[in-house]
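Asks: here is the input, now give the coordinates:
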Amino acid sequence: MNKVEGVMMKSVMRTVVLLFACIGFTRQAEAQEMTTAMLSSKYNITSGQEIYSRACALCHDSGVMNAPKVCNVAEWQPRMAQGMDALVKHVVNGINSMPAKGGLESLTLAECSDAVAYMMSQCDVTVAKK
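Replies: Sure thing, here's the model as predicted:
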């Protein structure tokens with residue numbers, strides 16, 4: 001490789017690294033937006049609390065079947081890092097031992113979203129900077 005090609009290759013590599021860094025910062029910012037204020041502005045936390053009581057509390061209050069307990073920061077931070085859309089998708093479709101919609105098939109997408117938002121709002125956890 002000659003000197004010109006080497007300089008061009010370094011320039012391309014810097015651009016690629018910068019692009020990946022920007023993507024990482026965007027994902028981190030999305031995860032950090034899961035504060036009570038943000039959640040309250042987008043979701044119905046009161047409705048979420050009622051849905052949580054009916055469909056989620058049995059497992060997420062006690063942690064049965066490895067359900068992450070509400071407000072357990074260590075259990076929720078990696079999940080929150082996936083973003084709200086991924087968490088809601090897990091609720092709607094079920095994940096691991098959790099049945100779809102917490103076993104309450106009549107729940108709508110909005111109700112599932114509200115329940116997730118309620119759970120996140122309980123300890124106002126934000127994802128730690130990486």
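
Asks: E50 and K69: what is the separation?
Replies: To K69, E50 is 19 Å away according to CB to CB, to the nearest Å. Any C-beta I mention is one placed from the backbone N, CA and C, and that applies to glycine too.

Asks: what segments of the chain are helices?
Replies: 3-32, 36-42, 45-51, 57-60, 73-80, 84-93, 109-121 (DSSP state H).

Asks: okay, now the unreliable bits of the chain?
Replies: 1, 3-34, 124-130 (pLDDT under 70).

Asks: try it again at 80.
Replies: Low-confidence segments of the chain (pLDDT under 80): 1-38, 123-130.

Asks: give me the number of residues near L87?
Replies: As a burial measure, L87 scores 22 neighbours (other CB atoms under 10 Å).

Asks: nearest residue to it other than its sequence neighbours?
Replies: V116 (5.0 Å; CB to CB, 6 or more residues apart in numbering).

Asks: list the contacts for that neighbour?
Replies: 43, 48, 84, 87-88, 91 (CB atoms under 8 Å, 6 or more residues apart in numbering).

Asks: looking at those residues, state which has the most neighbours.
Replies: G48 (25 neighbours).

Asks: now the closest residue to that residue other than its chain neighbours: how far from N2?
Replies: With sequence-adjacent residues excluded and distances taken as CB to CB, 6+ apart, G48 is closest to Y118, at 3.0 Å. With distances taken as CB to CB, Y118 is found 61 Å from N2.

Asks: kindly report the same for E111.
Replies: Taking CB to CB, one finds E111 at 63 Å from N2.

Asks: ok, now M84?
Replies: Counting by CB to CB, the gap from M84 to N2 is 50 Å.

Asks: same thing with A37?
Replies: 56 Å.

Asks: same question for S40.
Replies: The spacing between S40 and N2, counted by CB to CB, is 59 Å.

Asks: tell me which of these two has more neighbours.
Replies: S40 (14 against 7).

Asks: for the more buried one, what are its contacts?
Replies: 117, 121.
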